[in-house]
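my questions are about this predicted structure, shown below with the sequence.
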Amino acid sequence: CRSSLIAKALDRMQIGTIHADPNAEIVFEERNPDLFMYVLEHLEHGEIPLPRDLEELRALREDAVYYGVSELEKLCDRNLERFHYRRVDPSGSEVGDRVHATINEAIDAAEEGEKILLESGHYNEVLEISKSLTLLSNAPSNHRVSIAGNGRGDSTLTIKGASVLVSDIDLVC
């Protein structure tokens, strides 16, 4: 991080009361005080807990790019990947922002290209998917994920004009 814009500027400051060197060639602005704290913490400690909110994490990544802190930018990118996943927890014990009680709820909430991780268990749902998604088993190797229709003869899975990948999941007709 020593080559980042902010690191160069901090090298030219007296830490304590933080007086800028009048001969300094580099000036930086604190764009967002709430996010700037993350930038400074990262420069001091490396890996740090990042914001859990998607928009705040995106804004922090923009600040990392602006200040030239490439390690923080990469850390934000790795954390942004988790927002491309949704999970289905049939027990309902963890239902929240990106965790759903049913597969259909996850499909309805998902954006194009998202991945939906299904916890182990048997799901009685009729699925109709009209956007590109990936359904993946999140079950340990000794457990299965199976989806069965409603028992009235409806198709378990119908795909309408979309690219859908289903992996390690048993579809029961």
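It's in.

and stretch 144-153, C-alpha only, in CSV?
The C-alpha trace of stretch 144-153 is given here as CSV (Å, rounded to 0.1, in the frame of the first residue of the first chain):
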residue,chain,number,x,y,z
ARG,A,144,-28.9,-34.4,-0.7
VAL,A,145,-31.1,-31.7,-2.0
SER,A,146,-34.2,-32.8,-3.8
ILE,A,147,-37.1,-30.8,-5.2
ALA,A,148,-40.5,-32.5,-5.8
GLY,A,149,-43.5,-30.8,-7.4
ASN,A,150,-46.8,-30.4,-5.7
GLY,A,151,-48.0,-34.0,-6.3
ARG,A,152,-50.8,-32.8,-8.7
GLY,A,153,-48.9,-33.6,-11.9
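
mind listing what's buried in that stretch?
Neighbour-count burial for stretch 144-153 flags 145-147, 149 (criterion: 16 or more other Cβ atoms under 10 Å). C-betas here are computed from N, CA, C, even on glycine.

please state the offset of stretch 152-169 from the chain centre?
On the basis of Cα atoms, centre = their mean, to the nearest Å, stretch 152-169 sits 25 Å off its chain's mean C-alpha point.

got the contact list for it?
The contact list for stretch 152-169 (Cβ atoms under 8 Å, 6 or more residues apart in numbering) reads 118, 125-137, 139, 145-149, 171-173.

ranges for the helices of the protein?
5-11, 33-45, 54-67, 70-80, 103-109 (DSSP state H).

if anything else comes up later, I'll come back, but that's it for now.
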